[in-house]
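Peer 1: No sequence on hand, only this structure:
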């Protein structure tokens with residue numbers, strides 16, 4: 001595949017998958033998701049790859065989630081080769097690939113981008129990275145791994161704070177909460193992630209595969225919640241309430257959800 005939205009490179013035992021849409025703060029559209037799925041399967045099939053690093057282009061953003069501008073312009077996240085928007089499938093794939101996946105968070109990780117780093121096995125953050133959710137602000141939500149699994153990572157109270165208040169948290173706070181494993185200077189981010197993969201590469205790949213599946217077994221049922229949430233989001237996204245969130249974002253104004261109170 002000739003990638004348009006991502007880059008893929010193998011450096012020793014590391015496969016580095018980079019969302020390459022810096023002009024959109026590495027927001028993803030349907031094509032981006034399709035290419036990420038291809039890259040993760042490619043890394044899975046490569047026996048020389050022992051760990052996968054997911055990062056974003058530039059230093060401003062890791063990923064800010066779905067491309068809301070695209071959604072405002074076309075009413076969806078754009079075309080893909082198979083006609084599907086497979087973000088939920090990508091989440092499952094990151095968990096199912098039998099190799100450790102490390103998020104190298106090089107900037108803002110917001111919304112769906114925050115979800116991507118949360119479901120990776122490990123997260124290393126640059127000192128300037130920021131973390132948070134945005135769904136209710138732009139007429140969206142994640143009722144699956146992005147919320148239920150997040151609560152397993154940081155605890156119920158903190159997960160609800162992240163989703164209900166939509167604040168942004170710095171890298172130091174993220175490390176304190178257990179949201180990331182380590183914080184490093186920006187210049188050291190990728191070298192550190194590659195060093196972790198090099199260390200992992202010394203160990204039994206079969207043992208690591210069993211361990212990853214064992215960790216996941218406790219929360220695999222949340223995949224069903226993800227499917228349910230995606231089905232609900234498909235219905236919700238075409239409502240006037242959801243469109244108000246997306247339109248307000250595109251127009252750089254505060255959304256007015258007053259008439260949608262329940």
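Peer 2: Received, thanks. Keep in mind that this is a model prediction, so the values were computed, not measured.
Peer 1: any idea how far residue 157 lies from residue 163?
Peer 2: In this view, residue 157 and residue 163 are 11 Å apart by C-beta to C-beta, to the nearest Å. For glycine as for every other residue, the C-beta is placed from the backbone atoms N, C-alpha and C.
Peer 1: How about residue 90?
Peer 2: Per C-beta to C-beta, residue 90 is found 20 Å from residue 163.
Peer 1: now the end-to-end length of stretch 64-81.
Peer 2: The straight-line separation of the ends of stretch 64-81 (C-alpha to C-alpha, to the nearest Å) is 23 Å.
Peer 1: Show me which residues of it are buried.
Peer 2: By neighbour count on 16 or more other C-beta atoms under 10 Å, the buried set for stretch 64-81 is 64, 65, 66, 67, 68, 70, 71, 72, 77, 78, 80.
Peer 1: repeat for stretch 227-243
Peer 2: Neighbour-count burial for stretch 227-243 flags 229, 230, 233, 237, 242, 243 (criterion: 16+ other C-beta under 10 Å).
Peer 1: Quick check: closest non-adjacent residue to the first one.
Peer 2: Beyond its immediate neighbours in the sequence, the residue positioned closest to residue 229 (C-beta to C-beta, 6 or more residues apart in numbering) is residue 143, lying 3.1 Å away.
Peer 1: contacting residues for that neighbour?
Peer 2: Shown in contact with residue 143 (C-beta atoms under 8 Å, 6 or more residues apart in numbering): 225, 226, 228, 229, 232, 233.
Peer 1: which pair in the residues you listed spans the largest distance?
Peer 2: Farthest-apart pair in the contacts of residue 143 is 225 and 233; separation 12.1 Å (C-beta to C-beta).
Peer 1: Need the residues that contact stretch 65-73.
Peer 2: Contacting residues not belonging to stretch 65-73 are listed as 21, 24, 27-29, 32, 76-78, 87, 110-115, 134, 138, 140, 237, 246-247, 249-250 [C-beta under 8 Å, 6+ apart].
Peer 1: repeat that with 6 Å
Peer 2: With C-beta atoms under 6 Å, 6 or more residues apart in numbering as the contact definition, stretch 65-73 has outside contacts at 24, 27, 29, 77, 78, 111, 112, 113, 138, 246, 249, 250.
Peer 1: what does stretch 228-246 give?
Peer 2: 68, 71, 72, 88, 138, 139, 143, 144, 255, 260.
Peer 1: Count residues in the vicinity of the closest residue to residue 79 other than its chain neighbours, would you?
Peer 2: Distance criterion C-beta to C-beta, 6+ apart; nearest residue to residue 79, sequence neighbours excluded, is residue 30 at 6.3 Å. With neighbours defined by other C-beta atoms under 10 Å, the count for residue 30 comes to 23.
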